[in-house]
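>>> Coordinates for the following, if possible.
(one chain, ligands or ions: 1)
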Amino acid sequence: MTGRDLHLIGAAATEETGLGIEVTGLRVRFGSVEAVAGVDLRVEQGQSLGLLGRNGAGKSTTMRVLAGVVPPAAGSVVVGGHDVRAHPLEAKRAVGYCPDVGGLVPRATPWEHLQLTARLRDLTGWEDRGRELLERFDLGDVAHRVTAGFSHGMARRLSVVLAALHEPAVLLLDEPFDGVDPVGVEATFEVIEDARARGAAVLVSTHLRDLAVDVCSEVAVLRGGARMATIPSGFMAGDDGARAYRALLAG
Ligand SMILES: Nc1ncnc2c1ncn2[C@@H]1O[C@H](COP(=O)(O)OP(=O)(O)OP(=O)(O)O)[C@@H](O)[C@H]1O
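Sure, this is the predicted structure:
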């Protein structure tokens, strides 16, 4: 069975179970700032959606709600079939989350991060996959070096590895390409394609429109905390896509 076959099975399963990502009318407020002002998103199993928008558009806050880190003020958020408000633990279990910043323990090595992730998620028999992911992201040689001295790109790559380790039903990658070299970008593409092939829903927040177009079936554009449009990624490609994107940002 090929990855494409699995992908199609995943897509068919969505129609029956409604798993994936479903966000309706999401609102988040920090004091007087309305960070998210009514966002609707839907990502089917086996699909990947790119989240684009200017600084402060609400992308990371939306991601944090999906990951169970920030509570929604209003709206409905369902990940992997679990409502984040009604079933927060089940929702968190379904998700693999690469935050935009932080998340690593400076005194711990990549291998210790994997051990901690595995323990928190009650994983067994994860070691081969952990080793394979570290090699794929060119982190094998530093598997036992503390992360304190890691470059920004190395830390980004490890964060993607940790998000992907347990093969989550919902993969959330916030700025996974930021400062990452071509080897890391390629490895992240592979992780996204693998996730899609086994029927996971993937959400990728990035400022890199070209990479979003390459790896996502659709892109959603946020502006001022609200969703302006969700469109097939092909319409965002090339010079025409750049013009369309600028028009959506300008309103
Ligand atoms: N913890 C917080 N406290 C106060 N305001 C916040 C907090 N987190 C986010 N905000 C505000 O919410 C808005 C949306 O921020 P968010 O980080 O979600 O945007 P973003 O689209 O991810 O931006 P960027 O592309 O710069 O990462 C911004 O006005 C930001 O200042």
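>>> only C-alpha atoms for contact and neighbour calcs from this point on.
Will do.
>>> How is residue 138 assigned, secondary-structure-wise?
Here residue 138 is coil, with the state taken from DSSP: H, G, I helix; E, B strand; the rest coil.
>>> That one and residue 32: what is the separation?
Separation of residue 138 from residue 32 (CA to CA, to the nearest Å): 43 Å.
>>> Of the two, give the one with the bigger neighbour count.
A side-by-side neighbour count of residue 138 and residue 32, using other CA atoms under 10 Å, places residue 138 first with 17 against 6.
>>> Now do the contacts for the more buried one.
Each residue near residue 138 by CA atoms under 8 Å, 6 or more residues apart in numbering is listed here: 183-184.
>>> mind starting the numbering at 7 from now?
Yes, from this point I'll number from 7; that puts the last item at residue 144.
>>> I'd like the distance between it and the ligand.
Applying CA to the nearest ligand atom, to the nearest Å, the value for residue 144 to the ligand is 26 Å.
>>> repeat for residue 256
In terms of CA to the nearest ligand atom, residue 256 sits 15 Å off from the ligand.
>>> cool, and residue 165?
For residue 165, the distance to the ligand - CA to the nearest ligand atom - is 16 Å.
>>> Can you get me a residue count around that residue?
25.
>>> I'd say it and residue 102 touch.
No - between residue 165 and residue 102 there is no contact under CA atoms under 8 Å: 10.0 Å.
>>> Quickly list what's touching both of these two.
Overlap of the contact sets of residue 165 and residue 102 (by CA under 8 Å, 6+ apart) is empty.
>>> and residue 142, how many residues sit next to it?
Using other CA under 10 Å: residue 142 sits among 19 other residues.
>>> what's the answer for the one 3 residues further on, then?
Here the count is done by other CA under 10 Å, and residue 145 has 22 residues near it.
>>> check contacts around it.
Listed by CA under 8 Å, 6+ apart, the contact set of residue 145 reads 160, 164.
>>> how close does it get to residue 187?
From residue 145 to residue 187 the distance is 13 Å (CA to CA).
>>> what do you get for residue 250?
27 Å.
>>> These two: which is more packed in?
Taking neighbours as other CA under 10 Å, residue 250 and residue 187 compare with residue 250 leading, 15 against 12.
>>> per-residue confidence for the more buried one?
On the pLDDT scale, residue 250 is placed at 89.
>>> can you check residue 19 too?
38.
>>> swap in the one 10 residues further on?
According to the predicted model, the pLDDT of residue 29 comes to 96.
>>> what secondary structure does it sit in?
Assignment for residue 29 (three-state DSSP): strand.
>>> ok, residue 27 touching residue 207?
Yes - with contact defined as CA under 8 Å, residue 27 reaches residue 207; the gap is 6.7 Å.
>>> so what sits against both of the two?
Taking CA under 8 Å, 6+ apart as the criterion, residue 27 and residue 207 both touch 49-50, 176.
>>> and residue 34, what element?
Assignment of secondary structure by DSSP states H and E places residue 34 within strand 26-36.
>>> Mind giving me the packing neighbours of the very next helix or strand once past that strand?
Counting by DSSP H and E, the element after strand 26-36 in chain order, helix or strand, is strand 39-50. The contact analysis (3 or more CA pairs under 8 Å, 6 or more residues apart in numbering; DSSP states H and E) places strand 39-50 against strand 26-36, helix 65-72, strand 207-211, strand 232-238.
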